[in-house]
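Student: let me see the structure of the following:
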Amino acid sequence: MLEFPLWKKIWLWGLTLAASLLALPSLFNVAGLDWPASLPNPQVNLGLDLAGGSHLLLEARADDVRAQRLQNMEENVRQLMRNATPRIRIGDVSTGDGRLSFMLENAADIDRARGMIEPAMQGASTTREWELAVVDGQRMVLTQTDAGVDQAIDDAMDSATEVVRRRIDELGTREPTIIRQGDTRIVVQVPGLEDPDALKSLLGQTAQLEFKLVDLNALPENVQAGIAPAGSEVFPYAAGSPQEGQFEAVRRLGGIRGDSLTGAQAGVDPTSNQNVVNITFDAQGGAKFAKLTTENVGKPFAIILDGQVLSAPNINEPIIGGRAQISGSFTAESANSLAIALRSGALPVPLAVVEERTVGPDLGADSIREGLLAMTIGSLAVIALMVASYGRFGVYATIALVCNVLMLLGIMALGNFTLTLPGIAGFVITIGAAVDANVLINERIREERLRGRKVIAAVETGYKEAGRAIYDANFTNFIAGIMLFAFGSGPVKGFAVVLVIGLFTSVFTGVTLTRLMVAGWLRKARPTDITI
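Tutor: As a prediction, the model looks like this:
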C-alpha cells in the first residue's frame, strides 16, 4: 500500500494542484483583490444569504386556470361548429358556474355535434378532462373534471416556472433559485439583485398579449359604466395612456393571442419618436394577423396586455409579413421590460407575490466574515491539536487539510455551484470529517506499533484497517447527503452540495494524499521508530 510509481505520484499531485488553483479566483474575490482578466476566472457563486438579494414567493389561483380553460373550450366549440358541413348553428351560450353550456338550433344535430366535440374533450394525457351531458334534448353542457383541472394546474405551473426562469435569465443574474413549492406556488431567489421592485414588476406581469376588434355597436355610456353588449367585454385603458380612466368594449372571441410570438424588441418609432415594442409572429400567427387586418381595414382593434388596453389604433391597411408594433405610453425601461416578458413567453396563469424578503449585502458580508472566522478558529485549533498529538503525522494531516479546503473550493468553482451560509457549515463539517480520518489512521498505527510490528508494517496495517472504517462512515454520510439534496430545498440543498463534494475531497486528501507523503518520508528516512 506504500508503493507509488512515478506516474501515480505525478497524477495525484497534479490533480491536487489543479483543483487547488481553481480556488484562487474565489479567494482573491473574498480578499477584495483583482484577479487578472487574462486568466480563467471560475468563481463560487454566493447564495442569497451571503450576497444579498431578493426572495419572492409567487402564487397562482386555480380559478384563473379554470376560467382560461373554459374560454379556450368555448372558442374551440364555436370554431368546430362553424367548420362543420353543413354548419351547426348554436345559441344561448353560457359559461356560468364554471360550465360551458349552449343550445343547438336543430335538435337533429346532437349526434353530429357530440362526435365533433368529444375528441376536443381529451387532453394530451389519458385523463378525461371534460364531461359532456345533453339537457332537454337540445342543450349541451360541458363540465371540467377535477382530474382535468388538476392536470391543467400542474401543466400551467410547470410552464410558469420555465417562463419565470427565462425572464430572470434575461436580467443577466447568476445562479437564481427557481423551484415549485406545493401545487400553486413558485419560490424565486435572486442573489445580488439590486432592484427587487423591478423583479416583482417583471415576474408579476403575465404578458398575456391580445389583439381584439373593438365593438363599434357598443353604447359609449354603457361602456364607461363597465357594461358590455352580448359577445363582448370591457377593458380599462392602461395607466399612463392618453385615455387613462376610460374603457373600451372589444369582441370577446375571434382575436389573436400573443402565443405565437417569436421575437420582441424595444425600439423607438422614427415618425413619433416614441418608445415602442416591435414584435414578430411565427408563420401561423403572421397568417392569422394578416387575415384579421385584411378583413377589417378601416376598423379599430385594441392591443390588450394583461387585461389593460395599451392603444386602439385603426387598421389603415393590411399588416402582412408577420411584424407589428406595440405603442403606448412607454418609457425606455418599461418598453424593454415588456419586450423581455414577451420574448420569454406569456405566463399561462397570473402570479401574485404573497411573500417578499430582501437581504442586504451588508448582512451577507457579516455572514461571510463570521463564517470565515469560525472556520479559521476551528481549523487552527484542529491543526494545533493534530501537530501536538501526532507530530510529523499531524503535519501531514494539516497539509492534507489545507489541500482539502482548496480542492473543495476549486471543484465548487469549476461546477459553478452556489455557496450559502449552511454551505459554510458544510465546510466546517468537512474539515472535521477529514481530521477524523487521520485520527483513525494514526491511532491504528500507534496500536500496531504497541503490538510490536515494524514501522513499515505498522503504517501499512494502519492505513489498510482504518481505511475500511473511513470508507464505511463516508458512504453512509454520502447517502444522507444525497437524500438531503433530493428532498431538501434552498439552504438544505446548499449544505448537501458542500457535504457530498467534501466527502470525496476529504477521503482523497486524508487517506490517499497523506499515505503518499508518509510513503515518501519512509523511503527517504528509513526510520527504525516513529513518534506518534
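
Student: going forward, measure contacts and count neighbours with C-alpha atoms only.
Tutor: Fine.

Student: number of nearby residues for S334?
Tutor: Neighbour count of S334, defined by other CA atoms under 10 Å: 18.

Student: with L292 instead?
Tutor: Other residues close to L292 by other CA under 10 Å number 21.

Student: please tell me how far it sits from W130.
Tutor: 31 Å (CA to CA, to the nearest Å).

Student: one more: T16?
Tutor: From T16 to W130 the distance is 61 Å (CA to CA).

Student: just T145 next, same as before
Tutor: T145 is 5 Å from W130, by CA to CA.

Student: give me phi/psi at R185?
Tutor: Per-residue torsions, R185: phi -130, psi 150 (degrees, to the nearest 10).

Student: now it. Nearest residue, chain neighbours left out?
Tutor: E59 (4.4 Å; CA to CA, 6 or more residues apart in numbering).

Student: what strand or helix carries the one you found?
Tutor: Using DSSP states H and E, E59 maps to strand 53-60.

Student: neighbouring strands - and their directions - for that strand?
Tutor: According to DSSP bridges, strand 53-60 has the following sheet partners: strand 185-191 (antiparallel), strand 351-359 (antiparallel).

Student: quick check: which of the ones you listed is nearest to A239?
Tutor: strand 351-359 (19.2 Å; CA to CA).

Student: report the buried residues of the closest one.
Tutor: L351, A352, V353, T358, V359 (16 or more other CA atoms under 10 Å).

Student: got it, and stretch 14-28?
Tutor: For stretch 14-28, burial by neighbour count (16+ other CA under 10 Å) applies to T16, A19, S20, L22, A23, L24, P25, S26, L27.

Student: and the pLDDT at the last one?
Tutor: Note for L27: predicted pLDDT of 83.

Student: distance of it from G47?
Tutor: L27 sits 16 Å away from G47, going by CA to CA.

Student: tell me which of the strands paired with strand 53-60 sits nearest to G488.
Tutor: Once the strands paired with strand 53-60 are compared by CA to CA, strand 185-191 is nearest, at 13.5 Å.

Student: could you dump the buried residues of strand 351-359 to CSV with distance to V65 and pLDDT?
Tutor: Converted to CSV, the buried residues of strand 351-359 look like this (distance: CA to CA, whole Å; pLDDT from 0 to 100):
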residue, distance to V65, pLDDT
L351, 11, 80
A352, 14, 81
V353, 17, 82
T358, 30, 75
V359, 33, 70
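
Student: make JSON lines out of the residues you listed and add distance to R453.
Tutor: Shown next, in JSON lines, are the buried residues of strand 351-359 (distance: CA to CA, whole Å):
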{"residue": "L351", "distance to R453": "71"}
{"residue": "A352", "distance to R453": "72"}
{"residue": "V353", "distance to R453": "69"}
{"residue": "T358", "distance to R453": "62"}
{"residue": "V359", "distance to R453": "59"}
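
Student: could you check how many residues crowd around G286?
Tutor: 20.

Student: in terms of helices and strands, where is R167?
Tutor: Element membership of R167 [criterion: DSSP H and E] is helix 146-170.

Student: how far off centre is that helix?
Tutor: How far helix 146-170 lies from its chain's middle: 11 Å, per CA atoms, centre = their mean, to the nearest Å.

Student: quick one: the very next helix or strand once past it to chain centroid distance?
Tutor: Downstream of helix 146-170, the next assigned helix or strand under DSSP H and E is strand 177-181. Relative to the centre of its chain, strand 177-181 is centred 6 Å away, using CA atoms, centre = their mean.

Student: what residues of strand 177-181 count as buried?
Tutor: For strand 177-181, the neighbour count (16+ other CA under 10 Å) marks T177, I178, I179, R180 as buried.
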